[in-house]
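Trainee: When you get a sec, could you give me coordinates for this:
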Amino acid sequence: MFLSILEDIVVSQAAIKILLVEDNEIVRLAQVLTLQQFPSLDFCDYAADGLTAVRKAQDIKPQVILMDIGLPGIDGIEATARIKAVQPECQIVIITTQTSDSTIFDALAAGADAFCHKDITGEQLVNVIHLVANGAVWLDPRVAERVLRHCLVDSTSVDSTSRFNFGVDQKFVISPLENEALAYMSQGMSLGQSLGSTIEKGQHLLKKEMLAQAQMLRKLFSRMVKRSKSICDC
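Mentor: Okay, here's the model as predicted:
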């Protein structure tokens, strides 16, 4: 199901340029071998620390960055924020074993386009890369479920100036549409899959709806957390 929908979403294009950011050599090698199996992906280079990732992102200008969080120097969240500050068009996929609430919300607030556990399969990772390269956002279902735990659906209004605060029992108010998008992901569905019922409407409309959902979720993530530490320009 996922692959058939993805084929309808993805327009024919050159191979997607990938920068891999991972400090563990064994994990990095496994990821490189996975990426090299797919002709639709172009593995350009890797970085083993956060500052090198920021520099190589500017030099290489990849379409998608696969970003670990636990990195020497600045971590993957800080690297994501710095890259997004100057290259907002670069899509960043977080791949990590760190899945605390604060880590998830900080990564989304920094501008991450996807959040994956490191137990993701190679095929699933390639699908996520294609989705974010086409403008979508994606959350591991377990991550989406954790986000939903902090949310309260209000059908009347959403205060766009409200912020999410950890340690407070208050729920973060979201709209029914935002709740629906998060719920699809928590059930193990990607944005592409959630729009499967509209596939007969044609590729253009499918992608338009997918991007509208992605834009809505990005706005939600930006409301949810205001990072406590300042982000330095690079």
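
Trainee: Going by C-alpha atoms from here, please, whenever you check contacts or count neighbours.
Mentor: OK.

Trainee: distance between stretch 109-116 and the chain's centre?
Mentor: Taking Cα atoms, centre = their mean, to the nearest Å, the mean C-alpha location of stretch 109-116 is offset from the chain mean by 4 Å.

Trainee: Now tell me what touches it from outside.
Mentor: For stretch 109-116, contacts defined as Cα atoms under 8 Å, 6 or more residues apart in numbering pick out 77-78, 80-81, 84, 91-96, 104, 107, 128, 132, 136-140, 143, 218, 221-222, 224-227.

Trainee: what about 6 Å?
Mentor: Residues outside stretch 109-116 that contact it (Cα atoms under 6 Å, 6 or more residues apart in numbering) are 81, 91-95, 137-140, 221-222, 225.

Trainee: can you put these in a markdown table and add neighbour count and pLDDT?
Mentor: Converted to a markdown table, the contacts of stretch 109-116 look like this (neighbours: other Cα atoms under 10 Å; pLDDT from 0 to 100):
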| residue | neighbour count | pLDDT |
| --- | --- | --- |
| A81 | 24 | 95 |
| Q91 | 28 | 96 |
| I92 | 28 | 97 |
| V93 | 27 | 97 |
| I94 | 26 | 96 |
| I95 | 21 | 95 |
| V137 | 28 | 87 |
| W138 | 25 | 89 |
| L139 | 27 | 89 |
| D140 | 19 | 89 |
| F221 | 22 | 81 |
| S222 | 19 | 76 |
| V225 | 20 | 62 |
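
Trainee: Keep only those of the residues you listed that are in strands.
Mentor: With strands taken from DSSP state E, the overlap with the contacts of stretch 109-116 comprises Q91, I92, V93, I94, I95, W138, L139.

Trainee: give the contact list for the third one.
Mentor: Contacts here follow Cα under 6 Å, 6+ apart; on that basis V93 touches L66, M67, D113, A114, F115.

Trainee: hmm, 8 Å instead?
Mentor: Per Cα under 8 Å, 6+ apart, neighbours of V93: V64, I65, L66, M67, A112, D113, A114, F115, C116, I129, V132.

Trainee: Likewise for the first one?
Mentor: Taking Cα under 8 Å, 6+ apart, we find Q91 in contact with Q63, V64, I65, A112, D113, V132, A133.

Trainee: are any of the residues you listed buried, and which?
Mentor: Burial by neighbour count, 16 or more other Cα atoms under 10 Å: within the contacts of Q91 this picks out Q63, V64, I65, A112, D113, V132, A133.

Trainee: Including pLDDT, distance to Y46 and secondary structure, could those go into a markdown table?
Mentor: A markdown table is the format used below for the buried ones among the contacts of Q91 (pLDDT from 0 to 100; distance: Cα to Cα, whole Å; DSSP: H, G, I helix; E, B strand; the rest coil):
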| residue | pLDDT | distance to Y46 | secondary structure |
| --- | --- | --- | --- |
| Q63 | 96 | 14 | coil |
| V64 | 97 | 12 | strand |
| I65 | 98 | 9 | strand |
| A112 | 93 | 18 | coil |
| D113 | 93 | 19 | coil |
| V132 | 90 | 19 | helix |
| A133 | 91 | 18 | helix |
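
Trainee: Show me which of the contacts of Q91 is closest to D49.
Mentor: Nearest to D49 out of the contacts of Q91 is I65 (Cα to Cα; 13.2 Å).
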